[in-house]
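**Student:** The sequence isn't on hand, but the structure is:
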């Protein structure tokens, strides 16, 4: 049985050979579903599912490995790391790491404004900012954690991130200057436009 | 006539003096004669203007060739240029490029527009596919790459590329459109730029990849699950929440684009393809899919890609791109050298399904005629439309509008703005109007 030209398999890692064998046997039992180019791909895909089995070439992942993935950060604070920070520390970090693009006081520059914003959102030229538009403060933490500053994203510590968020929220009148911000505190911040979104679920199409 | 006729078959082309659009049969019968009389009719956009320098018209209405008298030149008399491992556009065509724009302080944050006005057919060359990058193009080592599928599943799984390439593949011709495409349409004044520089955050490719539902089935999705969080390997670590049903439906894990492996800027080595949905959901450099029971509320599904309405509230998770069409020729920046017959050419698409009909107007939407849809006409794919139009040399306003197979009709701009205000920013799909003045110069207008 020569699978090579058909499957485009060039190198089969030893630990997977048994899987491949299983797959090939399955392919034969699927009565020609594997007949390469002759079969329309959607048919193949449906066939695999109907056969109750698919190639099964994935590696299993241990819970230790899963624990190394950065958790998704939800509005209720789920996924936020331990740590805390004060607005005062955030101000110093902001001045050195963020101000060049977002403006000295967060008023915006080559990057969006992070402090202030003219309401209401019904204005003809609505001002969609962190203060006026964002529904969740956890999204601020997540955005900065994953993507800011652009030259070195993903390197700020949890304490630095809480401090930066504390300062930005404090400037927007949403967090007191003298209270350290942590996971519980961040999830408790009620953003002014929290109720402003209508979540749709598309019903048409698959 | 303001009301869009929902059934275009009832809206047959107007014949006779009323309609400047030629009946297709008539056009074909007279085709050869017209082509002789007006060779410009068969030329692509920019050539429309160039043709005005052509030679004089003889007694039979044919142009005399202003070129050299000798026609017979069997070869150029010199050896040809060398050939290469990977072909490039002809030297004279190398100005057909993407217009790019990026942030001064973050060069990797920006967009590039597909030059729709310079392209024909329905496929976008991979090198001209539009881009929206948040922090540059990551260089991903295919040997190190793995996709992790985890969360609310019985068996979390990781796949390397060798494994993914051995799954059953599916190829589909699909458009991808940025949710922010055409957003200059919300501006008070019409943007005077070429069609692609305003509407070119949309492209169409053949995408080949693994149906994602196969991997989800292998992982065993928990019945409580309803969302999947998809993340990219770009420096902005772009992340969005997607309804599980779409991912168990027609989602593809694309490995190939237009026959070759993905271009780096289009997500090499793996990108998510969600037919008909806004581009931001089709995560490039996809490396992680986490099955969950609720959306994560990332920046790109709250602060961005949500649509603020006139009442101050915002629509969120508006994934499907609406029906849209656009005349690519003649369009802004082009010039009609003389009255005569021209082919009106354009693109139509809808995220809901296939294109059912495209109508064209030369009088700013008062009268409409059916355009010809050129096969193939596919689900969630560009469709090329064409209509023969006789320009009488008087000012005209060219428009197109599409109806899709679900009955959705492209709105006029006034109707769209009346319904959605001007602060929605995303999902602008209004009818586009190109004005032709008495000199044959094309500009962008609102009607």
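**Tutor:** That came through, no problem. Just so we're clear, the structure is a prediction, and the values are computed from it rather than from any experiment.
**Student:** what residue ranges in chain A score low on pLDDT?
**Tutor:** For chain A, the stretches flagged by pLDDT under 70 are A:1-52, A:202-206.
**Student:** Let me see the ranges of the strands in it.
**Tutor:** Remark: strands assigned in chain A by DSSP state E are A:59-60, A:84-85, A:181-182, A:197-199.
**Student:** Could you do the stretch 1-150 of chain B as well?
**Tutor:** Along the stretch 1-150 of chain B, the segments classed as strands by DSSP state E, counting those that start in this stretch run B:99-102, B:110-113, B:131-133, B:146-151.
**Student:** Mind checking those for the one nearest to residue B:386?
**Tutor:** strand B:110-113 (23.2 Å; CB to CB). C-beta coordinates here come from the backbone N, C-alpha and C atoms, glycine included.
**Student:** Centre of the chain to that closest one, how far?
**Tutor:** Put simply, strand B:110-113 sits 14 Å off its chain's centre (CA atoms, centre = their mean, to the nearest Å).
**Student:** can you check stretch A:165-176 too?
**Tutor:** The answer for stretch A:165-176 is 23 Å, by CA atoms, centre = their mean.
**Student:** What distance separates the opening and closing residues of it?
**Tutor:** Start and end residues of stretch A:165-176 are separated by 12 Å (CA to CA, to the nearest Å).
**Student:** And stretch B:399-412, by the same measure?
**Tutor:** Note: stretch B:399-412 ends 10 Å apart using CA to CA.
**Student:** my read: residue B:330 touches residue B:437, true?
**Tutor:** No: contact criterion CB atoms under 8 Å: residue B:330 and residue B:437 do not qualify, at 11.9 Å.
**Student:** Who has more neighbours out of these two?
**Tutor:** Between residue B:330 and residue B:437, residue B:330 has the larger neighbour count (other CB atoms under 10 Å in any protein chain shown), namely 27 against 13.
**Student:** Apart from its neighbours in sequence, what residue is nearest that one?
**Tutor:** residue B:442 (5.4 Å; CB to CB, 6 or more residues apart in numbering or on different chains).
**Student:** got a pLDDT number for the residue of chain B found nearest chain A?
**Tutor:** Nearest residue of chain B to chain A: residue B:249, at 2.7 Å (CB to the nearest CB). If you check residue B:249, the pLDDT there is 95.
**Student:** From residue B:228, how far off is it?
**Tutor:** Distance, residue B:249 to residue B:228, by CB to CB, to the nearest Å: 12 Å.
**Student:** Among these two, which residue is more densely surrounded?
**Tutor:** Neighbours per residue (other CB under 10 Å) separate residue B:249 from residue B:228, with residue B:228 holding more: 28 against 15.
**Student:** Just list the residues touching that one, thanks.
**Tutor:** B:151, B:241-244, B:247, B:289-292 (CB atoms under 8 Å, 6 or more residues apart in numbering or on different chains).
**Student:** Secondary structure of it: a helix, I assume?
**Tutor:** No: residue state for residue B:228 (DSSP: H, G, I helix; E, B strand; the rest coil) corresponds to strand; a helix is not indicated.
**Student:** Dig out what it forms beta bridges with.
**Tutor:** Residue B:228 has the following beta-bridge partners by DSSP bridges: residue B:242, residue B:291.
**Student:** hang on, the earlier thing: can you list the buried residues in the helix or strand encompassing the residue nearest to residue B:330?
**Tutor:** Here residue B:442, judged by DSSP states H and E, is contained in strand B:442-445. By neighbour count on 16 or more other CB atoms under 10 Å in any protein chain shown, the buried set for strand B:442-445 is B:442, B:444-445.
**Student:** would you turn the strands of the stretch 1-150 of chain B into TSV with distance to residue A:92 and mean neighbour count?
**Tutor:** TSV is the format used below for these (distance: least, CB to CB, whole Å; neighbours: other CB atoms under 10 Å in any protein chain shown):
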stretch	distance to residue A:92	mean neighbour count
strand B:99-102	30	13
strand B:110-113	30	20
strand B:131-133	31	20
strand B:146-151	37	20
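**Student:** would JSON lines of those strands with mean pLDDT and distance to chain A be doable?
**Tutor:** Below are the strands of the stretch 1-150 of chain B laid out as JSON lines (pLDDT from 0 to 100; distance: least, CB to the nearest CB, whole Å):
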{"stretch": "strand B:99-102", "mean pLDDT": "97", "distance to chain A": "10"}
{"stretch": "strand B:110-113", "mean pLDDT": "98", "distance to chain A": "12"}
{"stretch": "strand B:131-133", "mean pLDDT": "97", "distance to chain A": "11"}
{"stretch": "strand B:146-151", "mean pLDDT": "98", "distance to chain A": "6"}
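**Student:** Now tabulate those in TSV and tack on distance to residue B:296.
**Tutor:** Formatted as TSV, the strands of the stretch 1-150 of chain B follow (distance: least, CB to CB, whole Å):
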stretch	distance to residue B:296
strand B:99-102	27
strand B:110-113	25
strand B:131-133	20
strand B:146-151	11
